[in-house]
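[1] have a look at this prediction, sequence included:
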Amino acid sequence: MEQLFSLLDSTIRVATPLVLAALAGMFSERSGVVDIGLEGKMLVAAFASAAAAFVTHSPWLGLLAGVAAAVSMAMLHAFVSVTYNGNQLISGMAINTIASGITPVLALAWFQQGGNTPPLDDDARFHEVTLPFADALANVPVLGQLYSKLLSGHCVLVYLTLLIIPLVCWVVYRSRFGLRLRAVGENPHAADTAGISVARVRYIALFWGGVLCGLAGTFLSVYQTGSFIKEMTAGKGFLALAALIFGKWRPLPAVVGCLLFAFADALQIRLEGVDLPIIGQIPSQAIQVIPYVLTVLLLAGFVGRAVAPKAIGTPFVKSR
Amino acid sequence: MKFGQPSALPRWAQLTVLPALNLLAALLVTALVTWMIGENPWECLQLLVSGAFGSGEGIGYTLFYTTGFIFTGLAVATAFHAGLFNIGGEGQAYLAGLGVTLVVLAFDHTLPPLVLVPLCILAAMGFGAAWAFIPGWLQAKRGSHIVVTTIMFNFIAYSLMLYLISHQLIETGSQNPTTREFGQNAWIPAVHQVAAGLGFSLPNTPLNLTFVLALLACGLFYLVVWHSRWGFQLRTVGVNERAARYAGINVSTTIMLAMCVSGALSGFAAINELLGSTHRMNVSFTNGVGFVGIAVALMGRNHPLGIILSALLFGGLTQGGLELSFEKPVITREMITLIQGLIILFCGAMENLFEPFIAGLFKRKENK
């Protein structure tokens, strides 16, 4: 039981940045703009937030800086993809490469720590929050334990994410903006005829995607490790992209995908070097590779079929 | 002002003025960053250029890096000509390294160099092509997007190779995840050795005969893409898939073959590194060569001549950047990654960004 709780607990920790990034990708891709730059946006956010938190000793100012950095990258992507009608894939690739270049360069120049930021002081980090009555309820079987062990004791960003998920679902499926978002991603010409500004919707979608990536990156550096480390996103942006495809570009299934991938990750750490009955040791790489293999199979239609938003990747050019 | 329209400039200007302006923009942004971190951009540029081209040793290293970049650049360009964006060059080179290593570890004490090295090259091409074939097949037959699949295949390749190197191929008794050193029979002769045999004395660098293969590959690439039936099919599919289908071209075969050729070309990067320089395989031998290939192909506008020039630029940046980071402790070699990213941005994503600003110049000339 204890082990199960700690396993689920670390699943939530690993899943949070993935969920935020996957939802960011969903905004962008649902509006018809491919976003392979999630990784880069998370990385600049992780660096900017750690740097700002280190200097100002405030995790919240760090968060602000992280979001601002990710949004500025998102706006660059928007300029290339929407205003300039450029190639969205190449632009995403450029953002990733620029991010892995500029973060260690600035980190080394500003902090002289080999491309990382110095460890953040306690007051500059986000901390675990103990929910009210968590201690009192810890002894109540099942429900109390669930509350005090699993729900309580996370960083404030985790709770924020828990609020963001239903909010995003509501925005995408129930709000006026969501309807426009989906329309623009499926058939921009029809949306344009109905008087919707395709460019405006795409800019807004990418803006919110940037905000979410900023949260994800800040979570990694200002909460999880307590400093910025070179290349610390380590493929999480692509994992989030995989989860988004796994969820067929819908918010809730994408979240489920993130939880699944995070669970596999948490399990893999615990299985390292453990002899299982019959099969023996599972190499950690075999579990790490699961999300990627699943995504490939899913895209190929071997397990279900993931169909992308129809207008994805094509710049919208108003007919002349 | 309208952006993102097809270029209306004369062709020579499209091929010279625009790339030069894009490169200039990328370098200006880099200079800005250099200035921001408190260094003198001009001084850094001088150090970089002299590190890359200022000495025989520097030139040797520059050309060694150039070799790998030419191959991955050609690989990305092949896929681009078919309208495919192959991000998987890194994984394909990685897997090619596995093919090379398996052949070498099995035969390096039995086969003579003249048999072993071609066999290794075939293995590299085969493994690279196979790793690229799967995404190609999935794109052609199952409609799954090649970009996402090749990204995923990079990660799969990384995990697979990490497992194989650290569990199966690791040198017995070694703590580091590397294979044993390859036998001398599998070494591709370095240029300085060849030169010494001919009576010249060149500095000792990892530049090896794979460089000659790279130049040959560029020539072959030109002939195949622009002067062969298959090259015509390739470009037709790239420009308009539907038209290609109506013209009776088998689109899915073309796509799959293009990916195979692309993967095989990426494989040569592994040959250059493993047989030409390190003579053993470790977990990070590819070191981003596949990703640099994207920038090289975009900047070289998918033409072999452009690819040679931009590969030379990146080779020089890599070598000069290393020298620069020794001289200036505040500058890391990731500075080169930044330049690479900016070049992808300006030369790839926004290739005609400056066109509206200079279009006027060309119009006025025409009127005269």
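    Yep, it's here.
[2] just the strands in chain A please.
    A:128-129, A:154-155 (DSSP state E).
[3] so which of those strands is nearest chain B?
    strand A:154-155 (27.0 Å; CB to the nearest CB). Just so you know, the C-beta spots here come from the backbone N, C-alpha and C atoms, and that holds for glycine as well.
[4] contacts for that closest one next, please.
    A:I12, A:R13, A:T16, A:F126, A:H127, A:E128, A:V129, A:F219, A:Y223 (CB atoms under 8 Å, 6 or more residues apart in numbering or on different chains).
[5] who wins on neighbours among the residues you listed?
    Counting neighbours by other CB atoms under 10 Å in any protein chain shown, A:F219 leads the contacts of strand A:154-155 with 28 neighbours.
[6] just checking, A:L212 touches A:L18?
    No: at 11.3 Å, A:L212 does not count as touching A:L18 under the criterion of CB atoms under 8 Å.
[7] number of nearby residues for B:K141?
    B:K141: 12 neighbours (other CB under 10 Å).
[8] helix/strand/coil for it?
    Classification of B:K141 by DSSP: H, G, I helix; E, B strand; the rest coil places it in helix.
[9] mind checking how far it is from B:T253?
    Remark: distance between B:K141 and B:T253 (CB to CB, to the nearest Å) = 10 Å.
[10] so where's chain A uncertain?
    Per-residue confidence for chain A (pLDDT under 70) gives these ranges: A:273, A:278-279, A:303-306, A:319-320.
[11] so where do the helices sit in it?
    With DSSP state H as the definition, chain A shows helices at residue ranges A:2-30, A:38-56, A:59-78, A:88-111, A:134-137, A:143-145, A:156-174, A:176-186, A:188-193, A:198-218, A:236-246, A:251-271, A:284-288, A:290-299.
[12] where are the low-confidence patches of the stretch 201-350 of chain B?
    Residues of the stretch 201-350 of chain B meeting the criterion pLDDT under 70: none.
[13] what does it put close to chain A?
    B:291, B:294-295, B:298, B:330-332, B:334-342, B:344-345, B:348-350 (CB under 8 Å from any CB of the partner chain).
[14] let's see 7 Å
    Selection of the stretch 201-350 of chain B residues close to chain A by CB under 7 Å from any CB of the partner chain yields B:291, B:294, B:298, B:330, B:332, B:334-335, B:337-338, B:340-342, B:344-345, B:348-350.
[15] keep only those of those that are in helices.
    Within these, residues falling in helices by DSSP H are B:F291, B:I294, B:L298, B:E334, B:M335, B:T337, B:L338, B:Q340, B:G341, B:L342.
[16] need those in a markdown table (columns: neighbour count).
    What follows is those, written out as a markdown table (neighbours: other CB atoms under 10 Å in any protein chain shown):
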| residue | neighbour count |
| --- | --- |
| B:F291 | 24 |
| B:I294 | 28 |
| B:L298 | 29 |
| B:E334 | 23 |
| B:M335 | 26 |
| B:T337 | 26 |
| B:L338 | 25 |
| B:Q340 | 27 |
| B:G341 | 26 |
| B:L342 | 25 |
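[17] quick check, nearest of the residues you listed to A:F54?
    Using CB to CB, B:E334 is the member of these that sits closest to A:F54, with 19.6 Å.
[18] looking at it, that closest one is touching A:P104, isn't it?
    Yes: counting by CB atoms under 7 Å, B:E334 touches A:P104, with 4.3 Å between them.
[19] which neighbours do these two have in common?
    Common neighbours of B:E334 and A:P104, using CB atoms under 7 Å, 6 or more residues apart in numbering or on different chains, are A:G115.
[20] so which residue of the stretch 151-300 of chain A comes closest to chain B?
    Nearest residue of the stretch 151-300 of chain A to chain B: A:L299, at 3.6 Å (CB to the nearest CB).
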